[in-house]
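A.B. asks: Test case, fold it:
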Amino acid sequence: MRRHRNVKIVATLGPASEDYQTIRALHEAGADVFRLNMSHGSHESIAEKHRIIRQIEDELNSPIGILADLQGPKLRVGQFADGAVDLAEGAAFRFDLDETAGDATRVCLPHPEIFAALEPGATLLVDDGKIRLKITDCGADFAQTEVVVGGTISDRKGVNVPDVVLPLKALSDKDRKDLEFACELGVDWLALSFVQRAEDVEEARELVAGRAAILSKIEKPSAVKWFDSILAASDGIMIARGDLGVELPVQNVPPIQKRLVRRCRTAAKPVIVATQMLESMITSPMPTRAEVSDVAAAIYEGTDAVMLSAESAAGSWPVEAVSTMDAVAQEVEDDPTYVQIIEASRVVNRESVADGIVAAAREIAEATDIVAICCYTQSGTTALLTARERPRVPIIAMTSLRHTARRLALTWGVHCVMTEPLERFKMAVLDAVRAARAEGYAQPLDQIVVTAGVPFNVPGTTNILRVAPCQEGLISATDPG
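C.D. replies: Next up is the predicted model:
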């Protein structure tokens, strides 16, 4: 299914979008990747969504990516005797390990690992940052605080600790079970929550054992601080602006988003900008102008994908939200300023033969009348490197591996076509020409660029480039390969 845009759309599935008709409508409206939120729903319901997606993929012959998003450890207060209490600014309030119901002076925080890491002066945030407290004294089993920003605190509200790296692993016991279930199910991407350092990613990679690509969610200040090492350990990145905006001053988030997108582009690793992109469409068929501008800003930055969360999972207008995002993307990418911004932010990276080949392909396409770049890829690396160039023409990724095609559904500008395993470059050129014409990217009088690695079917061997006419009869039988 050809898209008339380069940026990809990730749609979260949930109660508003769990049946066949809605999921198919979401894909046809523009969803390239579906997110399964492991925080909600049983394994049975998640498996059913997965089955429906794969059914639609087969019916439409369109590779679809599936992203399983692990919950991560959740830090929450205990319960209150009256269900909730009001905290006034300047009041003293204590967190401890006593499981007795809380009151206006204290409540249980059943996470001793937090107390072990706290220091006086650190900040505690409750209920997505609505309540802010400053630690005045702490020990192995308590934290005495002063209320800086008051409000109502109630049972099981979440707690954020932005100032310290917590001695918590990114994978809880539930996450480990969910990880194994998702990998056995056959998801393409696994998103890790609560990533604080590269070691969290490496632990997950051992458990995944190559069965899925790993996407690290950047939602904590420590992840921003150690971003380069986390990026190196990950296959992709999600900028989760919701929690990031809780733990950091909100004005810090936009420049962080821009910096992280640039670094991901330089590393040729896909990046998703997520959270509250079209939030008002949970209840309204129309987004706000500010939301549209937010989506557009991420696209102008060159992000690989933009994501819908509650808008498509629990909102009243899931298909309309995807259609709106698709329309915004097409309009932005048709803007001449978009091309100028993307090309001005391109980073030159020439460290290997493959780097040189994909750069040459982009330069040839821009200097001549080439209509598409067609790259053969087994691991997906050549397609990722080609996408890093952000060429003006479409990228057609040819692969014989279904899981590679599905993972590339998240990558900017890449349209995947399944092909049989090949042994000769001549046949690769013929297949590329046929695919470009069949998928609507080329006409008989057009030309395309074909890149591949010889010998075939060996990852990391991209070493050949050919400009090919799209009339099959013009490809001589004497061509090498």
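
A.B. asks: partners of the helix or strand containing residue 272, with directions?
C.D. replies: Per DSSP states H and E: residue 272 is located in strand 271-274. Using DSSP bridges, strand 271-274 pairs in its sheet with strand 236-240 (parallel), strand 305-308 (parallel).

A.B. asks: Tabulate those strands in TSV, adding columns for mean neighbour count, distance to residue 166 and mean pLDDT.
C.D. replies: In short, each C-beta sits where N, CA and C put it, glycine included. Shown next, in TSV, are those (neighbours: other CB atoms under 10 Å; distance: least, CB to CB, whole Å; pLDDT from 0 to 100):
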stretch	mean neighbour count	distance to residue 166	mean pLDDT
strand 236-240	26	17	97
strand 305-308	26	26	98
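
A.B. asks: can you list these in a markdown table and add distance to residue 393?
C.D. replies: Below are the strands paired with strand 271-274 laid out as a markdown table (distance: least, CB to CB, whole Å):
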| stretch | distance to residue 393 |
| --- | --- |
| strand 236-240 | 24 |
| strand 305-308 | 20 |
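
A.B. asks: per-domain residue ranges of this protein.
C.D. replies: 8-72+170-335, 84-160, 353-474 (automatic domain parsing).

A.B. asks: Quick one: closest of these to residue 346.
C.D. replies: domain 353-474 (6.0 Å; CB to CB).

A.B. asks: Just give me how far that closest one sits from the chain centre.
C.D. replies: 24 Å (CA atoms, centre = their mean, to the nearest Å).

A.B. asks: can you check stretch 14-34 too?
C.D. replies: Worked out by CA atoms, centre = their mean, stretch 14-34 lies 17 Å from the chain centre.

A.B. asks: For that stretch, buried residues please.
C.D. replies: 14, 16-18, 22-27, 29-34 (16 or more other CB atoms under 10 Å).

A.B. asks: returning to that earlier point: could you export the domains of the chain as CSV, including distance to residue 347?
C.D. replies: Below are the domains of the chain laid out as CSV (distance: least, CB to CB, whole Å):
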stretch, distance to residue 347
domain 8-72+170-335, 5
domain 84-160, 34
domain 353-474, 8
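
A.B. asks: was I right about residue 162 contacting residue 247?
C.D. replies: Yes - Residue 162 is within contact range of residue 247, at 3.6 Å (criterion: CB atoms under 8 Å).

A.B. asks: sorry, back to before: strands - which of the buried residues of stretch 14-34 land there?
C.D. replies: 33, 34 (DSSP state E).

A.B. asks: List just the nearest of the buried residues of stretch 14-34 to residue 308.
C.D. replies: Nearest to residue 308 among the buried residues of stretch 14-34, with distances taken as CB to CB, is residue 31, at 8.1 Å.

A.B. asks: how about that closest one, phi and psi?
C.D. replies: When read as degrees, to the nearest 10, the backbone of residue 31 gives phi -70, psi 120.

A.B. asks: quick one: the helices in the stretch 301-450 of the chain?
C.D. replies: 310-313, 318-333, 336-344, 353-367, 381-388, 402-407, 425-438 (DSSP state H, counting those that start in this stretch).

A.B. asks: show me what contacts residue 284?
C.D. replies: By CB atoms under 8 Å, 6 or more residues apart in numbering, residue 284 lies in contact with residue 317.

A.B. asks: Could you list the buried residues of stretch 57-71?
C.D. replies: In stretch 57-71, counting by 16+ other CB under 10 Å, buried: 57, 62, 63, 64, 65, 66, 67, 68, 69, 70, 71.

A.B. asks: Just flag the most distant two among those residues.
C.D. replies: The widest separation within these (CB to CB) is 29.4 Å, between 62 and 71.

A.B. asks: I am finished for the moment; much appreciated.
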